[in-house]
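> here is the input, now give the coordinates:
(chains A, B and C)
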Amino acid sequence: MRRRFYDRPVLEVAEDLVGCVVSHGGSSGVIVETEAYHHSEPASHAYVGLTQRNRVLFGRPGLAYVYRSYGIHACLNAVCEPEGVGAAVLIRALEPVEGVELMRQRRGVERSENLCSGPGKLTEALGIGLELNGSDLLEGPILIAGRRSAWRNVEVVASRRIGITKAAELPWRFSALGSRFLSRPALSRAEESPVR
DNA sequence: CATGGGATTGACT
DNA sequence: GTCAATCCCATGC
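Coordinates of the predicted model:
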């Protein structure tokens, strides 16, 4: 993946990341679910402006923004848009590909549908911790590679973001149509709209 | 300096 | 379905 991939409107990047492959710590998976966050809307950590917590969000595109959620979990984002603009894509679910046994050990669960089906789950499965906040997704140790051929024409659908109270009406969640590895089952067809 | 609230998960009713 | 765990950090007194 090139840096300019991330140096674009965050909604475009969020759609295009579905089908790409995240790898770290001897394991990898295909992204099946993302959400976009932008400083202009109140659900974004960048909404309040530059602070110590969110400074990576304003960094150069292609950085990893890893934050602690509910005091317990780590969540992985890809920083987007030009440097100085607070925007990022939250990686919400993966279809496990490599290192599945490692993922089972790290997660302590067996079912493959349960390994990476949530933002806190996938960081645990891949061994991604807060110390990787600010690392570069183009240099590692976390890497994101482009869509493999089988995913070249994946159908992406948009729906509302999960688990937020502010700006909850925005359809900024993007999922691979029909995937069994989503953090939440597909919504009713009426709630989802095809992208592109 | 005290407090409140999450971009969640898993256990339990 | 409900709810607690647990930790920064941002906010407000």
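
> what's the pLDDT at A:Arg160?
According to the per-residue confidence, A:Arg160 scores 95 in pLDDT.

> what residues are up against it?
Listed by CB atoms under 8 Å, 6 or more residues apart in numbering, the contact partners of A:Arg160 are A:168-173, A:191. (Each C-beta comes from the backbone N, C-alpha and C, glycine too.)

> what's the closest non-adjacent residue to A:Val21?
The shortest distance from A:Val21 to any residue that is not its chain neighbour, by CB to CB, 6 or more residues apart in numbering, is 4.5 Å, and that residue is A:Ala145.

> and the one you found, backbone torsions?
Here is the backbone geometry of A:Ala145 (degrees, to the nearest 10): phi -110, psi 160.

> what separation do you get for it and DNA strand C?
As for A:Ala145, its distance to DNA strand C is 30 Å (criterion: CB to the nearest atom of the strand, to the nearest Å).

> mind listing the strands for chain A?
A:21-24, A:27-38, A:64-69, A:73-79, A:87-98, A:143-145, A:156-159, A:173-176, A:193-194 (DSSP state E).

> any chance of these in JSON lines, plus distance to DNA strand B and mean neighbour count?
Formatted as JSON lines, the entries for those read as follows, by distance: least, CB to the nearest atom of the strand, whole Å; neighbours: other CB atoms under 10 Å:
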{"stretch": "strand A:21-24", "distance to DNA strand B": "14", "mean neighbour count": "22"}
{"stretch": "strand A:27-38", "distance to DNA strand B": "4", "mean neighbour count": "26"}
{"stretch": "strand A:64-69", "distance to DNA strand B": "4", "mean neighbour count": "19"}
{"stretch": "strand A:73-79", "distance to DNA strand B": "5", "mean neighbour count": "23"}
{"stretch": "strand A:87-98", "distance to DNA strand B": "3", "mean neighbour count": "24"}
{"stretch": "strand A:143-145", "distance to DNA strand B": "15", "mean neighbour count": "17"}
{"stretch": "strand A:156-159", "distance to DNA strand B": "14", "mean neighbour count": "20"}
{"stretch": "strand A:173-176", "distance to DNA strand B": "10", "mean neighbour count": "25"}
{"stretch": "strand A:193-194", "distance to DNA strand B": "21", "mean neighbour count": "10"}
